[in-house]
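S.K.: Curious how this folds, go ahead:
(2 chains)
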Amino acid sequence: AQSVTQLDSQVPVFEEAPVELRCNYSSSVSVYLFWYVQYPNQGLQLLLKYLSGSTLVKGINGFEAEFNKSQTSFHLRKPSVHISDTAEYFCAVSESAGRRALTFGSGTRLQVQP
Amino acid sequence: GAVVSQHPSRVICKSGTSVKIECRSLDFQATTMFWYRQFPKQSLMLMATSNEGSKATYEQGVEKDKFLINHASLTLSTLTVTSAHPEDSSFYICSAPGQSTYNEQFFGPGTRLTVL
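M.R.: Residues are numbered from 1 along each chain as shown, chains lettered A, B, ... in the order given. As a prediction, this is how the structure comes out:
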């Protein structure tokens, strides 16, 4: 079984400032890692994913994340945020072999202020 | 990318009635689909795995007789909330894995269920 911890329930930040959203996971098996964004009353959109290889993963909308195996972390970063980045962000894992369902973290609300 | 649709997007019903939610993969086939439930300001919790041609697999604590799942074809899965009660009010989201091997899920836009 896997679990995902997002330590920050809310992250307020000013426009054009950098941001980091933290994600830690635990698993007894090899996993794939994902970050999804959810806008109000909408489904989830994939930002980026880590499967294997380079630990620095670049995604859409200027986001990137770094996989750290020793710290079991997969933190999401953006060097300069926009008002439109205001949304809920979910970190998720799935087994790399076997069941394909996702286990989600509790989510982080990114609030970008002007 | 692959597109998953859900219908209806929003439904309000009286307590005791049943509500059916459809999840369709529009441009790809999905032998497996997943149903998640999201309470306000909370994360998504997996409810069940829908399997085309066989019974759904429910997560622990999810009542299979209350949440009926039917995977009628390779592009359609339905979730029926039977005898709905106010505590069933939630955001229901389905997803389908893509054709790749790395488990990327394509999510539907969700269905907001409100039980009065």
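
S.K.: where does chain B have its least confident helix or strand?
M.R.: Lowest on mean pLDDT, DSSP states H and E among the helices and strands of chain B sits strand B:105-107, with a mean of 88.

S.K.: partners of that one in the sheet?
M.R.: Next to strand B:105-107 in the sheet, as set by DSSP bridges, lie strand B:90-97 (antiparallel).

S.K.: buried sites along the strand it pairs with?
M.R.: B:90-97 (16 or more other Cβ atoms under 10 Å in any protein chain shown). To be clear about C-beta, it is placed using only N, CA and C from the backbone, and glycine gets the same treatment.

S.K.: Now find how far off-centre it is within its chain.
M.R.: Computed by Cα atoms, centre = their mean, to the nearest Å, the chain-centroid distance of strand B:90-97 equals 5 Å.

S.K.: The helix or strand hosting B:Thr114 pairs with which strands?
M.R.: Element membership of B:Thr114 [criterion: DSSP states H and E] is strand B:111-115. Applying DSSP bridges to the sheet, strand B:111-115 is found paired with strand B:10-13 (parallel), strand B:90-97 (antiparallel).

S.K.: Could you identify which of the ones you listed has the lowest mean pLDDT?
M.R.: Lowest mean pLDDT within those: strand B:90-97, a mean of 93.

S.K.: Would you mind writing the CA trace of that strand as PDB?
M.R.: What follows is strand B:90-97, C-alpha atoms only, in PDB (Å, rounded to 0.1, in the frame of the first residue of the first chain):
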ATOM      1  CA  SER B  90     -20.200  14.700  -2.800                       C
ATOM      2  CA  PHE B  91     -18.200  15.300  -6.000                       C
ATOM      3  CA  TYR B  92     -17.900  12.000  -7.900                       C
ATOM      4  CA  ILE B  93     -15.000  11.800 -10.400                       C
ATOM      5  CA  CYS B  94     -14.200   8.900 -12.800                       C
ATOM      6  CA  SER B  95     -10.900   8.200 -14.500                       C
ATOM      7  CA  ALA B  96      -9.600   5.900 -17.100                       C
ATOM      8  CA  PRO B  97      -6.000   4.800 -17.700                       C
END
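
S.K.: and the least confident helix or strand of chain B, how far out from the chain's middle?
M.R.: Relative to its chain's centre, strand B:105-107 lies at 12 Å (Cα atoms, centre = their mean).

S.K.: For the residue most central in space within chain B, list each beta-bridge partner.
M.R.: Central residue of chain B (Cα atoms, centre = their mean): B:Trp35, 3.6 Å from the mean position. Here B:Trp35 sits in beta bridges with B:Ala48, B:Cys94, going by DSSP bridges.
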